[in-house]
Every structure is written in C-alpha cells, then in structure tokens.
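Student: Just a sequence and a predicted model for now, questions to come.
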Amino acid sequence: MTATPGVGLGLRWDFLEELLARPRATLPFVELSPENYLRRGGYYPAALWRARELWPTLTHGLTMSVGGTDPFDDAHFSALKALLDRLGAPFHSEHLCWSGTRDNMLHELLPLPFTDEAVRHVGRRVREAAARLERPVALENVSYYAPLGPPAMTELEFLLASLDESGAPLLLDVNNVYVNSRNHGFEPLDFLAKLPLDRVVELHVAGHEAWDDGLIVDTHGAATPAPVHALLAWVIERAGPLPVVLERDQKVPPLDALLDEVRALTATYDRALAAWRARG
C-alpha cells in the first residue's frame, strides 16, 4: 500500500478546469472524492481522466457512512470499486462517522457514540467495505462539537479501538485534532503522541474559523494556520514521508493563492522531513 508523498491538493470544481490547463503546477498528486464523478457522463468523467493523466490520484469518500445502520448499496460499491481499480488507488479513505439512516443521506459527518458497541459496529462495516473494494479503507478522525450521548470512552480511545477492531489504516487530519483540542480542552500533541503513527497512510490539513461564542468550526474555509502547520511538522518528523492533502471547500481563493499555500505547506513538510532523516 504505497502512495506518492509530499503536499497535494484536494480537487474541487472551483478551480479544476484552471488547474487542468496548468499541468506544470507543482503538485506531486491530487485527491478526489469519487461521489463527484460516479454515474455521471460528459464533462465530469472526462475531467477526472484528464486529471489522472497528469497526476497520481488518491480517493477520499464522503458518503459511505461507516457508522451508519443502512446496508451498503451494492450498485454503489460495484461502481466505486471499478473506479478505484481504473485509477489504481492504493487505498480508499472514509470518515469515522455516520451520515444518515433509513435511506436518508444528511450530507453531514456526524459523530458516533464513543461506546464499545459502536466500535464493534464500525469494525464490521469497515472490514466489509475493504473486502468489497479489495483494498484497505483508511479511517479519518473527524471534528465534532458535542458527544452523541454519554461517552463510555474518550475520542482518542474510541479512535484507537476502532482502528484495532477494523484493522484499518489511519488518515490523520491534524486540523481536526487541533479543532477538537480547542473545543474539548485537551493538548493536541498528547493526542498525537498516543496514535500509532506507523498506521498513518495520509494526512489532511485545512483551515478553520472561530465563532463569536468561542467555538472553533472546521469550515475548510481559511488558510492552514500556524498551529496546524506545527502539528503537521510534528507528525512528519516522527512518521517520515507521507502524502499530505490540502483541503479547501469554503471561500475558495484563486488557484494561485492555493498553490502558494501548497508551497508554504511543502516548506513545512520539507523541514520536518529533514528532521526525520536526521533522527535516523
């Protein structure tokens, strides 16, 4: 299970056409969400394969709802597997969350209850998804703003238990770690230090925004701030070369500004990688 290391960009419609017209842009890879391309014709699949000709491609799902209770959709998984096979995706990733029930998709990444029952449920679902897709399904830690019922364990304990139960690798979103640390009052480096970094296959970074009441909201609507750069560096210094994806979904700036941010993140990444090499 290998993926191109360095700092790549999550593809978004806001800048896709401009990016495709500038193939010399400095990107080691791109990441896309298959739901934006599946079962569509015309421009959408054509744009996808143009991107694949230019860059290695990682895939990141939005609607699997690994914590949900509805059975997985056979037609969706068949189409998803065919796309992943054609892309040569080394793994697929999804969020450790639920997104709907009784055939109603809420299009939100909703937290799961931090319970043993939820851990066992996630484990079964992720193992089934990986078997259907014939590749690992990495789990991403999510931001959340209130627990779903009385927790039987901490977020960290729930994440670790879900990884162990499912056998999944970890997509580590360091922005989500920072957002949750601010909202729920823990030290982000203590959280990171307890993670199995040898199971991390990818990192996500993004920006967030502070509301007037002090809540930090994971909007993907701002540049990656210095504290998230620092968490990225901490992980790379210890885990070594990994693919890092810059996500931007709100208030998307011009492409040149995004590529400037990729370059700034790459500078952080390169310094951290040099420190990792120095550590031997």
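Tutor: In hand now; what should we look at? Note that the coordinates shown come from a computational prediction; the quantities given were computed from them, not determined experimentally.

Student: Could you check which helix or strand contains His204?
Tutor: Element membership of His204 [criterion: DSSP states H and E] is strand 200-205.

Student: So for that strand, what gets flagged as buried?
Tutor: By 16 or more other Cβ atoms under 10 Å, the buried positions in strand 200-205 come out as Val200, Val201, Glu202, Leu203, His204, Val205. From N, CA and C alone the C-beta is placed, and that goes for glycine too.

Student: Share the number of residues neighbouring Pro253, please.
Tutor: Look at Pro253: counted by other Cβ atoms under 10 Å, it has 14 neighbours.

Student: I'd like the next helix or strand past the strand holding His204.
Tutor: strand 209-210.

Student: Downstream of that following strand, the next helix or strand is which one?
Tutor: By DSSP H and E, the next helix or strand past strand 209-210 is strand 216-217.

Student: List of residues touching the very next helix or strand once past that next one?
Tutor: Moving toward the C-terminus from strand 216-217, the next helix or strand (DSSP H and E) is helix 226-239. Residues outside helix 226-239 that contact it (Cβ atoms under 8 Å, 6 or more residues apart in numbering) are 172, 174-175, 177-178, 188-189, 192, 197-198, 200, 203, 205-207, 242, 244, 264-265, 268-269, 271-273, 275-276, 279.

Student: For the helix or strand following helix 226-239, which strands pair with it and how are they oriented?
Tutor: Downstream of helix 226-239, the first helix or strand assigned by DSSP H and E is strand 243-246. Note on strand 243-246: by DSSP bridges, its sheet partners are strand 6-10 (parallel), strand 200-205 (parallel).

Student: Switch these over to a markdown table; also include distance to Trp55.
Tutor: Conversion of those to a markdown table gives the following (distance: least, Cβ to Cβ, whole Å):
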| stretch | distance to Trp55 |
| --- | --- |
| strand 6-10 | 8 |
| strand 200-205 | 15 |
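
Student: Look up phi and psi at the nearest residue to Trp13 once chain neighbours are set aside.
Tutor: Distance criterion Cβ to Cβ, 6 or more residues apart in numbering; nearest residue to Trp13, sequence neighbours excluded, is Asn36 at 7.7 Å. Backbone torsions of Asn36, given as degrees, to the nearest 10, read phi -80, psi -10.

Student: Roughly how far does Asn36 sit from Tyr43?
Tutor: Distance of Asn36 to Tyr43, computed by Cβ to Cβ, to the nearest Å: 12 Å.

Student: Those two - which one has more neighbours?
Tutor: The neighbour comparison of Asn36 against Tyr43 (other Cβ under 10 Å) goes to Asn36, with 15 against 10.
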